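> need the 3D shape of this:
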Amino acid sequence: MNNLPISTKRNKLRRVKEKSSCGSKGRPRSFDAECALDRALKVFLKKGYEGASLTDLTKAMGINRPSLYAAFGDKRSLFHKSLERYSEGPARYLREALQEETSRKVAEVLLLGAAAFQTRPGNPPGCLGVNGALACGEDAQQVRDELISWRSHGEDLITQRLRRAKRSGDLPSSANPADLARFLTSVIYGMSVRAASGASRGELMRIAKTALQAWPT
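As a prediction, the model looks like this:
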């Protein structure tokens, strides 16, 4: 869902020489690192960090392990880069929502955007911020902590935007921006769990619209 609590500048990924392009069959001579990263992101979104094996990742990316290590580092570094890419691309609806003129519109774009995003055709359902850390053991504690920080940063951004809305009179004086931000993110992450369990886009849209009925006016 969120922007990363780390630099949002895209890392310049090296092109590694092998046999052909990322999209071709067989062992590639050279691969598009960004294409490979997109494929790794889908694996992490579907299986989570711990559930995604190196075999799963290299098969999806169309490269071998030495090439993966050379271009991205170890598995945790690859996940970190995937999370960055996720924030800058698929989850950019957060940044778009924060630019809306009213707090009600911010909430609407966030909730409806999440419902649409989490049920994109041809992509694993749900959100990387939730799916990525499901069923992680002690060895993946750093990844879990990174995702907790990532989610908290997104919530902080929403809180800051709603505080501005309250100062401008767009929210009533009784409204608590931090509580409203927690409400929005709780609904969004709950929808992610439902999406991963097979909920349809229509179902998530209804949840989002129901949540909007509680928005203060």
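> the residue lying closest to residue 90 once chain neighbours are set aside and residue 73, how far apart?
Leaving aside its sequence neighbours, residue 90 sits nearest to residue 117 (Cβ to Cβ, 6 or more residues apart in numbering; 6.4 Å). Where C-beta positions appear, they are placed from N, C-alpha and C, glycine not excepted. As defined by Cβ to Cβ, to the nearest Å, residue 117 lies at a distance of 28 Å from residue 73.
> between those two, which has more neighbouring residues?
A count of neighbours by other Cβ atoms under 10 Å puts residue 117 above the other of residue 117 and residue 73, at 24 against 12.
> show me what the lengthiest helix in the chain is packed up against.
Counting by DSSP state H, the longest helix found in the chain is helix 141-167. Applying 3 or more Cβ pairs under 8 Å, 6 or more residues apart in numbering; DSSP states H and E, we find helix 141-167 packed against helix 75-88, helix 93-98, helix 103-117, helix 128-131, helix 177-196.
> tell me which residues in that helix are buried?
By 16 or more other Cβ atoms under 10 Å, the buried positions in helix 141-167 come out as 143-144, 146-147, 150-151, 154-155, 157-159, 161-163, 165-166.
> that older thread, okay, the helices and strands packed on helix 141-167, which one's buried deepest?
With neighbours defined as mean count of other Cβ atoms under 10 Å, those peak in mean count at helix 128-131, which reaches a mean of 24.
> hmm, who's touching it?
When contacts are defined by Cβ atoms under 8 Å, 6 or more residues apart in numbering, helix 128-131 is touched by residues 1-2, 41, 44-46, 48, 82-83, 86, 91, 124, 147, 150-151, 154, 189, 192-193, 196.
> now with 10 Å?
By Cβ atoms under 10 Å, 6 or more residues apart in numbering, the list of residues contacting helix 128-131 from outside reads 1-2, 41-42, 44-49, 51, 79, 82-83, 85-87, 90-91, 118, 124-125, 147-148, 150-151, 154, 185, 188-193, 195-196.
> got it, and stretch 202-217?
Residues contacting stretch 202-217 (Cβ under 10 Å, 6+ apart): 103-104, 106-108, 110-119, 125, 166, 171-172, 174-176, 180, 183-184, 186-188, 190-192, 194-195, 199-200.
> got the CA positions of it in CSV?
What follows is stretch 202-217, C-alpha atoms only, in CSV (Å, rounded to 0.1, in the frame of the first residue of the first chain):
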residue,chain,number,x,y,z
GLY,A,202,-17.0,-6.3,-6.1
GLU,A,203,-16.9,-7.5,-2.5
LEU,A,204,-13.9,-5.3,-1.6
MET,A,205,-15.6,-2.3,-3.3
ARG,A,206,-18.6,-2.8,-1.1
ILE,A,207,-16.4,-2.9,2.0
ALA,A,208,-14.7,0.3,0.9
LYS,A,209,-18.0,2.1,0.3
THR,A,210,-19.3,0.9,3.6
ALA,A,211,-16.2,2.3,5.4
LEU,A,212,-16.7,5.6,3.6
GLN,A,213,-20.1,6.0,5.2
ALA,A,214,-18.4,6.4,8.5
TRP,A,215,-16.3,9.3,7.3
PRO,A,216,-16.8,12.4,9.4
THR,A,217,-18.5,15.4,7.8
